[in-house]
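**Student:** no sequence on hand, only this structure:
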């Protein structure tokens, strides 16, 4: 026969087991929350200029970027037609993205007191200009579908065509460009190289007309889209006068010249 004390002991053991189980569930929930919090994307910079429609894409989430918005590691910056953006990173690197472009902020680690800083950016299509910041030159890596670019404290622009062909134009400093085959080439200021799919980089030479047209279109889009108000450029229609503002006529002439350059360079 089971005594009342034995029954009480069994009941207490069951209660203790339930308490332990509930405690373990709570601890698991706390740990999971901590892991999820630690997995939150880290900001790597801010949008300094936005013209018309520029989107940030992470996983399945897409957002419309505005001036002063933070941007994050692994985020894709995607621009539409007649749109552009300028991103300032934590180390003061500047990234300008032209119309119809996609650039992924693959990796960014910046520690002013460490040699472990690193930036990896992938330009999938379109045009983008890079002005290096406070990191050492070896910290930067720019990738495209057909080329890898190492920098040496510099200003340069990358144009990636629909087939992945890459043109790199150096405005200041120098870059080292590696293709999918052959030897890398060093490109000094004022010259460019072109990398076709499966081919080595071409010898440095002045940039072709089509590449110059793409770069000019990016610059003009940013200039015309910046109304000086600190906004995102919108569609530039709100309250705007039909008459060209000061300096705008010259910019419109540049746009016409840009179109002429494109037609001369690619026959399209």
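**Tutor:** It's in. Predicted model, so just to flag it, every value in this text is computed and none were measured. Numbering: from 1, shown residues only.
**Student:** residue 159 and residue 147 touch, don't they?
**Tutor:** No: between residue 159 and residue 147 there is no contact, the gap being 11.1 Å when judged by Cβ atoms under 8 Å. (Glycine included, C-beta is placed from N, CA and C.)
**Student:** tell me, what's touching these two both at once?
**Tutor:** Contact with both residue 159 and residue 147 is made by residues residue 166, according to Cβ atoms under 8 Å, 6 or more residues apart in numbering.
**Student:** neighbour-wise, which of these two wins?
**Tutor:** residue 159 (29 against 26; other Cβ atoms under 10 Å).
**Student:** the host helix or strand of the more buried one packs against which elements?
**Tutor:** Residue 159 belongs to strand 155-160 when assigned by DSSP states H and E. If you count contacts as 3 or more Cβ pairs under 8 Å, 6 or more residues apart in numbering; DSSP states H and E, strand 155-160 packs onto strand 118-131, strand 166-172, helix 209-225.
**Student:** so which of these gets nearest residue 56?
**Tutor:** strand 118-131 (14.3 Å; Cβ to Cβ).
**Student:** quick one: strands adjacent to the next helix or strand after the closest one?
**Tutor:** Under the assignment DSSP H and E, the closest C-terminal helix or strand after strand 118-131 is strand 140-143. Based on DSSP bridges, the pairing partners of strand 140-143 within the sheet are strand 118-131 (parallel), strand 148-151 (antiparallel).
**Student:** save these as a markdown table, and put in mean neighbour count, distance to residue 84 and mean pLDDT too.
**Tutor:** Listed next are these as a markdown table, based on neighbours: other Cβ atoms under 10 Å; distance: least, Cβ to Cβ, whole Å; pLDDT from 0 to 100:
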| stretch | mean neighbour count | distance to residue 84 | mean pLDDT |
| --- | --- | --- | --- |
| strand 118-131 | 21 | 9 | 97 |
| strand 148-151 | 21 | 21 | 95 |
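**Student:** tabulate these in TSV, adding columns for distance to residue 42.
**Tutor:** Listed next are those as TSV, based on distance: least, Cβ to Cβ, whole Å:
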stretch	distance to residue 42
strand 118-131	13
strand 148-151	23
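**Student:** quick revisit: the strand holding residue 159 to helix 209-225, inter-axis angle?
**Tutor:** Comparing the axes of strand 155-160 and helix 209-225 via axes from the mean of the first three to the mean of the last three Cα atoms, to 10 degrees yields an angle of 110 degrees.
**Student:** give the rounded mean pLDDT of strand 155-160.
**Tutor:** The average pLDDT for strand 155-160 rounds to 98.
**Student:** which intervals of this structure have sub-threshold pLDDT?
**Tutor:** Within the chain, the ranges that satisfy pLDDT under 70 run 1-39, 226-268.
**Student:** in the chain, which spans are helices?
**Tutor:** Read by DSSP state H, the chain holds these helices, from start to end of the chain: 4-38, 209-225, 248-266.
**Student:** okay, now the domains of this protein?
**Tutor:** Here the domain assignment for the chain is 1-40, 43-268, based on automatic domain parsing.
**Student:** what's the closest of the helices and strands packed on strand 155-160 to residue 196?
**Tutor:** Across the helices and strands packed on strand 155-160, residue 196 has its closest neighbour in strand 166-172 (8.4 Å, Cβ to Cβ).
**Student:** partner strands of that closest one, with direction?
**Tutor:** Paired strands of strand 166-172, defined by DSSP bridges, are strand 155-160 (antiparallel), strand 192-195 (antiparallel).
**Student:** give me the residues contacting the longest one.
**Tutor:** Pointing back at strand 155-160 there. Applying Cβ under 8 Å, 6+ apart, the set of residues contacting strand 155-160 from outside is 123-132, 142, 144-145, 149, 166-173, 175, 187, 211, 214-215, 218.
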